[in-house]
Structure formats: structure tokens, C-alpha cells
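S.K.: Need a 3D model of the sequence below.
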Amino acid sequence: MRLRYWTAIVVIVIVAAVGVAMRKDAPVDAPRLPMDTASEDLQKHDTAWLADDDLLPPPPETAMPEGEAPPVPPDSDVMWSRAIEQGESLNVLLAEAGLEPVDRATVAGAIASAFDLRRLQPGHRLTVGKTSAGTLEHAVLEVEDGVRIQAIFGAEPSVLSIPPELESVRLAGEASIGSSIYAALDAAGIPTRFATDLELVLAGSVDLRRVLSGGEHLRLLWRENRLDSRVIGEPTIDFAEIDLGGERYEILWPDDDAVRTKIYKDGSLLLRFDQPIKGARLSSPFGMRKHPIHGSTRMHRGLDFAAELGTPVQATQSGRIAFMGRRLGYGLMVEIEHADDMRTLYAHLSAVNEALEVGQRIGKGEEIGRVGSTGTSTAPHLHYEVLVNDRPVPPLTDERLSRLSGGAAAQSADPDVIVTARDALERLLQTQEVGAQGSRY
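M.R.: Numbers count the residues shown, from 1 in each chain. Below you'll find the model as predicted:
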């Protein structure tokens with residue numbers, strides 16, 4: 001990383017110096033270098049990975065190694081800091097900070113090695129440190145979600161993307177439904193995105209839009225990450241209880257390290273679903289939908305899971321690798337054969353596990369690839385299908401695949417989990433007001 005970074009810096013500095021020599025008063029635009037977007041986990045994993053070289057840049061070496069503290073910037077004599085405003089470029093702020101064109105190019109090149117400068121937004125904050133003699137020592141760009149791009153210059157230069165230290169806060173709330181779940185959540189001060197979460201996870205079990213008549217009651221337990229008083233990222237729903245006129249549905253989502261979603265009806269387990277990405281949330285259901293690219297209404301043969309580029313994907317059941325490679329529309333994908341003429345399909349991958357081969361056996365939970373956006377796709381996500389006799393079936397509600405790993409005994413396992421979720425919801429509702437600050441854990 002250092003060789004690649006400093007080679008880029010040398011080129012930028014030479015170009016900038018030539019430009020200054022030709023016309024000292026000419027403005028210098030901040031260079032725009034491509035961003036390395038793949039997860040560093042691709043390099044840290046103990047198996048070999050076959051990357052989709054056309055669409056996935058090399059993994060960045062700018063992320064903080066897990067468990068290590070970032071180097072501390074020098075205690076500069078002169079500190080300058082300001083947030084970017086509408087219409088401004090990084091070069092505007094660097095010039096205002098008093099940097100010469102060569103130093104501006106150096107800072108821009110360093111930051112661009114870890115962050116795509118085209119993603120600069122109003123509110124991003126730049127801090128520059130110099131010695132009293134004007135020598136550049138460090139620069140920090142704070143971007144969305146509290147992430148800092150830190151560049152240190154001098155004898156031991158480094159460029160790192162440093163995630164914030166976030167506080168996890170658990171909250172609970174309840175709402176009476178009138179015209180819609182969205183309106184009910186909005187009125188109660190509960191994140192409205194949970195309306196989509198509920199509709200997606202219950203699709204196939206109950207059509208919320210049809211059964212709601214008004215007066216239904218909804219109670220929720222969720223998490224959010226905070227940096228000081230700011231909420232960072234999207235809130236995550238953990239547990240929901242909805243009373244639909246005498247029928248009570250409870251949904252227990254997997255936490256960040258689990259893959260199992262459970263739905264209960266009137267206290268009894270209705271269905272269990274093992275998903276291919278830990279802690280991921282559904283972003284598109286099985287069935288007819290308006291295609292996000294083609295615009296026409298057509299059959300969506302599987303489920304979509306929202307996840308970041310490079311997130312590990314694992315097999316939902318043991319089986320045999322039937323296909324690895326590219327397929328029209330699906331992009332880079334893996335297909336696994338299971339018993340009873342069942343298959344699972346994992347599409348739009350950025351990479352597949354090079355250690356796997358067609359015909360090889362694979363175990364449940366074994367990693368098969370990484371989330372990407374190959375094929376017909378608008379953003380990184382995983383498309384997941386379950387097929388029986390070559391026909392797609394709804395992965396959430398068709399229980400034939402889940403029966404391969406234990407049947408009824410597995411379906412009724414972990415009864416204490418739902419009890420724990422109910423107790424946590426009750427405790428929080430008793431100790432907080434709806435939408436107010438939750439208790440920390």
C-alpha cells in the first residue's frame with residue numbers, strides 16, 4: 001500500500017510542480033483517484049479467493065487492522081479545520097488552510113488513496129495540522145457515519161480509514177395502527193423503515209396491507225448506533241409483536257452474528273428461516289415486482305439481502321457445488337445441489353471461494369463467496385433462490401429446505417430465545433417513553 005500510495009504522490013507532486021513552474025497563479029484542482037472499495041476481509045480470510053477482476057478493485061490496505069490503535073497525529077503548532085459547504089471541492093479548503101499547490105496535491109492524493117473524492121458532501125470536515133514553519137504534518141477528513149480518513153506525513157507516513165467508536169443503544173416502542181404501519185410508526189417516533197422490514201419478513205405468512213383495518217397494536221425492540229448524540233447508520237429491528245385482531249404475530253430477527261429468523265403465531269413457532277448472510281435484512285421479496293432496472297413488472301424468483309460489498313456469503317444447507325461462474329443477469333454466482341431435487345442459488349457475487357470446485361461437497365454455514373453487484377444489479381446485495389425440481393419456491397415460507405437439517409426437532413428448538421426477547425421488550429417499555437432515549441447495554 002505504501003509503495004502504491006507514495007508512487008501516486010510522487011507523480012502528483014511532479015505534475016503539480018510543473019504546473020506551478022508554468023503558471024504560479026494557476027488554480028490546482030484536487031486529483032480524483034479511484035477508490036478501493038472491496039472489504040479488507042477478503043485478504044484476511046484464511047482461504048483463497050477468486051475475485052471478479054473486471055468489477056472489483058483490489059482490496060484496500062488502508063483500513064485499521066482489527067484490535068490495533070491508529071497512529072496518533074503529531075501535536076501540530078497550527079491547526080485548521082472547517083466543514084465542506086455546498087459546491088466546494090477539497091482543493092478549496094486546502095487552499096483556505098494555507099497549503100501551497102504541491103502540499104495540496106500531496107494531501108489530495110493521500111486522502112484519495114482511501115476515499116473517492118467524488119463522494120465529498122457538504123458537512124464532511126477537513127482538519128489540517130502544520131508546524132509553525134508551515135511544514136505539512138497531517139490531514140484528517142471526517143466523512144459520513146463518523147469515519148475518518150487520516151493521513152500522516154513526515155518520517156513515518158501513513159493513510160488509514162478509521163471507523164468511529166460507537167455506542168450501541170437498545171430502544172423499545174409501541175404504536176396503534178390507523179391508516180398504515182408507516183404512519184403509526186411516524187406518529188410514535190419509531191423509525192419508519194421498520195414498516196418495510198415487517199412487510200418483507202411477513203410476506204407469504206400474512207399480507208399486512210390487506211388485513212389492517214385500524215386499531216391493531218404494534219410493539220417493537222430495536223438497536224441503533226450513536227456517536228455522541230448522533231445516530232450513525234440505519235437502526236436495526238430485533239423483535240416485533242403485532243396484534244392483528246385476535247391473531248398475534250411475533251418476529252425475531254437474527255443479530256449481527258446469527259442467520260436465523262423466526263416467526264411465531266399465537267405463541268407457537270410458525271416458520272424458521274436460515275439466511276445466507278449473518279444479520280442481513282431483506283430488501284426485496286419473492287414474487288411479482290417492478291424490476292428496478294428494466295421498469296417492467298416481472299417475477300422475482302428469490303429474495304434480496306442488503307449488504308455491503310465484500311460481506312461473506314455462506315451456504316444455507318450442506319450440498320454439492322453444481323455451478324460456479326457467470327450467468328446472464330445473475331453475474332458471478334454459485335449454485336448448490338441438495339437432497340430431494342432442491343438447489344440454492346447465490347448471485348451478484350464479487351468473489352467466490354477459489355478453494356471450492358464444481359462437484360465438491362460443502363457444509364452448511366461454509367463461506368462460498370462475497371457480496372457484490374455483478375450482473376443485472378444496481379447496488380451491492382445478494383440475490384438468493386431456492387429451487388425445487390427446477391422451479392423457484394418462496395425461500396421464507398417453503399420449509400422443505402430447512403427440514404434437511406433436523407425437521408420438527410429443529411423447528412421447535414431454542415424456546416428461551418423468544419421469552420428473552422419478550423422480557424427485554426417489557427422491561428424497556430416500562431422504563432422509557434416511546435421514542436425517548438433508551439437504556440444502554
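S.K.: so how far is G372 from the most centrally placed residue in the chain?
M.R.: For the chain, E308 is the residue whose C-alpha lies nearest the centre (C-alpha atoms, centre = their mean; 3.6 Å). Using C-beta to C-beta, to the nearest Å, one gets 10 Å for the distance from E308 to G372. Any C-beta I mention is one placed from the backbone N, CA and C, and that applies to glycine too.
S.K.: Need the overlap of contacts for these two.
M.R.: Jointly contacting E308 and G372 under the rule C-beta atoms under 8 Å, 6 or more residues apart in numbering are P380.
S.K.: got a list of contacts for stretch 74-93?
M.R.: Outside of stretch 74-93, the residues within contact range by C-beta under 8 Å, 6+ apart are 27-30, 96-98, 104, 107-108, 111, 117, 120-132, 134, 137-138, 141, 152, 154.
S.K.: I'd guessed the residue nearest to the centre of the chain sits against P380; true?
M.R.: Yes. Between E308 and P380 there is a contact at 6.2 Å, judged by C-beta atoms under 8 Å.
S.K.: quick one: least confident helix or strand in this protein?
M.R.: Lowest mean confidence among the helices and strands of the chain (mean pLDDT, DSSP states H and E): helix 41-44, at a mean of 32.
S.K.: mind giving me the domain split of the chain?
M.R.: Domains of the chain are assigned by automatic domain parsing as 2-162, 166-275+408-441, 286-395.
S.K.: could you dump those domains to JSON lines with distance to L401?
M.R.: Formatted as JSON lines, these follow (distance: least, C-beta to C-beta, whole Å):
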{"stretch": "domain 2-162", "distance to L401": "25"}
{"stretch": "domain 166-275+408-441", "distance to L401": "8"}
{"stretch": "domain 286-395", "distance to L401": "6"}
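S.K.: Among the ones you listed, show me which one is buried the most.
M.R.: A comparison of the domains of the chain by mean neighbour count, using mean count of other C-beta atoms under 10 Å, puts domain 286-395 on top with a mean of 18.
S.K.: measure that domain end to end?
M.R.: Start-to-end span of domain 286-395 (C-alpha to C-alpha, to the nearest Å) is 8 Å.
S.K.: Going along the chain, name the strands of the stretch 1-150 of the chain.
M.R.: 49-51, 78-83, 125-130, 136-142, 148-152 (DSSP state E, counting those that start in this stretch).
S.K.: Where does the prediction get shaky in the stretch 151-300 of the chain?
M.R.: 288-297 (pLDDT under 70).
S.K.: where do the helices sit along it?
M.R.: Assigned by DSSP state H, counting those that start in this stretch, the helices in the stretch 151-300 of the chain fall at 181-188, 194-202, 208-211.
S.K.: would TSV of these with distance to L221 be doable?
M.R.: Supplementary listing: the helices of the stretch 151-300 of the chain in TSV, determined by distance: least, C-beta to C-beta, whole Å:
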stretch	distance to L221
helix 181-188	14
helix 194-202	11
helix 208-211	19
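S.K.: Looking at these, which is nearest to E385?
M.R.: When the helices of the stretch 151-300 of the chain are compared for distance to E385 using C-beta to C-beta, the nearest one is helix 194-202, at 16.1 Å.
S.K.: now for that closest one, which elements pack on it?
M.R.: helix 181-188, helix 208-211, strand 230-244, strand 247-252, strand 260-265, strand 281-284 (3 or more C-beta pairs under 8 Å, 6 or more residues apart in numbering; DSSP states H and E).
S.K.: so which of the ones you listed gets nearest I362?
M.R.: So among the helices and strands packed on helix 194-202, strand 260-265 is nearest, using C-beta to C-beta, at 19.1 Å.
S.K.: wait, L309 sits on A379?
M.R.: No. Counting by C-beta under 8 Å, L309 sits too far from A379 to count as a contact (9.0 Å).
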